[in-house]
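[1] Here is my input; please provide its structure:
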Amino acid sequence: MTAAQPHHGPMEQFPVIDGCLWIGGMSVLQLATQVGQTPFYAYDRRLSDERIALLRRTLPPAIELHYAIKANPLPTLVQHLARLVDGLDVASLGELTVALGTHMDPERISFAGPGKRPPELAAAIAAGIVINLESCNETETVARLSQAQQRPARVAVRVNPDFELKTAGMKMGGGPKPFGVDAEQVPALLSRIGELALDFQGFHIFSGSQNLRATAIVEAQDRTFELALRLASDAPGPVRLLNIGGGFGIPYFPSDTPLDLEPIAANLERWLPRIKELFPAARVILELGRYLVGEAGIYVAEVVDRKVSRGQIFLITNGGLHHHLAASGNFGQVIRKNYPVAIGNRMDSTEREVVTVVGPLCTPLDILADRVELPKAEIGDLVVVFQSGAYGLTASPRGFLSHPACLEVLL
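    As a prediction, the model looks like this:
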């Protein structure tokens, strides 16, 4: 008998009616018929709306919310979110094109990421967005392109801080990093920005992502504000924006608990008067991606075969790591953990079994769920992977083994 892995808590953001999961006002079976194929991703805009409303209620009103498009760049989703947030953050020319296609004022769009190519930088300067400078070389390139266009580029310095976001799922700052300018090198770069007559806007200080511990985020924000105050003394002009990153995580695995926003809100409330006093023109920005969209999405694949191999039951689906690399374990994590999964059309079935859910790819890494207890499923049933609204399709090797494409729908 195959032993089951630990259970997740129930995914309660989507209703269950007559044993079927519903999203966006329809059952997953209806949705599969409407989409016309499996696999597919579906995103419920209601849940993102509610998440943004929660942040607005909880955080100080002076805090601006920006959406990091890299979390999910689906144009219809970005169009929707652009009406609800205060700004957009992009990481490529492709994302910039999506952002500029919304109603968002270009002055409230920023561009981060190492290795920006000259054509990307030229487009950003022409659009009038903020470029987060990641190196001395990039600064010189921006200055040259800015001069060619005869308009000063709007720039901020992305700082690689001298601290990390503790317990972060992904550390983006602290120690040697390709991201941003080391904090100790920033004063010299600020002087150079002044010499080059670039339009200095402020700082982007981002130390990590996917964190579920409020105490760690509070500590990182304390150190972020302190670092910004130190660096501002060398700035070539007033600080007009201070992007303190995000780092807000969502629960993926059985031991995860949702992030408590209250301590973070209280700490920001404590800091804002001082920031307002010292940086009267500054907008304080939280840049969030997965926290806004991650829990609003599901991935749906269809069971195409069912087999038993030496006592272990396998459900073989038409979806897998080529569409959802994160749920499969990112090409082989040291300790693989299961995302929450369900049989979307058998949510209230009492006949259960321990199964491993795999995709159609010819690799042992193509696993959507390993040894989970699920309702007994048959060919044609729908496997649902929750927490799939961020870093899903576009973060996956869609061309791997040349299987059919996956669709996305916003509901």
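
[2] Tell me the helix or strand right after the helix or strand bottoming out on mean pLDDT in the chain.
    Every helix and strand in the chain was compared by mean pLDDT, DSSP states H and E; the lowest is strand 170-171, with a mean of 52. Counting by DSSP states H and E, the next helix or strand C-terminal to strand 170-171 is strand 181-182.

[3] now that following strand: mean pLDDT?
    For strand 181-182, the mean pLDDT works out to 94.

[4] elements contacting it?
    strand 154-160 (3 or more Cβ pairs under 8 Å, 6 or more residues apart in numbering; DSSP states H and E). (C-beta placed from N, C-alpha, C; glycine too.)

[5] tell me the residue furthest from the middle of the chain?
    R310 (39.4 Å; Cα atoms, centre = their mean).

[6] Could you check how far that residue is from T356?
    Per Cβ to Cβ, to the nearest Å, R310 is found 12 Å from T356.

[7] for L368, same thing?
    9 Å.

[8] again, but for H204
    42 Å.

[9] Give me the more crowded residue out of these two.
    H204 (25 against 19; other Cβ atoms under 10 Å).

[10] Surely that one touches N132?
    Yes. In this structure, H204 is within contact of N132 by Cβ atoms under 8 Å, at 4.6 Å.

[11] which residues do the two both contact?
    Residues touching both H204 and N132 by Cβ atoms under 8 Å, 6 or more residues apart in numbering: 110, 112, 156-158, 180, 243.

[12] farthest-separated two in these?
    S110 and G180 (13.2 Å; Cβ to Cβ).

[13] residues bridging contact with these two, i.e. touching both?
    Going by Cβ under 8 Å, 6+ apart, residues that sit against S110 and also against G180 are 132, 204.

[14] between these two, who's got more neighbours?
    The residue with more neighbours, out of S110 and G180, is S110; 29 against 26, by other Cβ under 10 Å.

[15] which SS class is that one?
    Look at S110: counting by DSSP: H, G, I helix; E, B strand; the rest coil, its state is strand.

[16] Just confirm it contacts G87, I think it does.
    Yes. Between S110 and G87 there is a contact under Cβ under 8 Å: 7.0 Å.

[17] quick one: common contacting residues for these two?
    Joint contacts of S110 and G87 (Cβ under 8 Å, 6+ apart) are H66.

[18] do you know how far the residue farthest from the centre of the chain is from Q221?
    Taken as Cβ to Cβ, the span from R310 to Q221 is 51 Å.

[19] what's the nearest residue to A68 once chain neighbours are set aside sitting at in phi/psi?
    Among residues not flanking A68 along the chain, G289 sits closest, at 3.6 Å (Cβ to Cβ, 6 or more residues apart in numbering). Main-chain dihedrals, G289, degrees, to the nearest 10: phi -130, psi -80.

[20] To what extent is G289 buried, counted in neighbours?
    22.

[21] Let me see the confidence value for it.
    97.

[22] Helices of the stretch 151-300 of the chain, residue ranges please.
    Counting by DSSP state H, counting those that start in this stretch, one finds helices in the stretch 151-300 of the chain at the ranges 186-195, 214-232, 261-278, 290-293.
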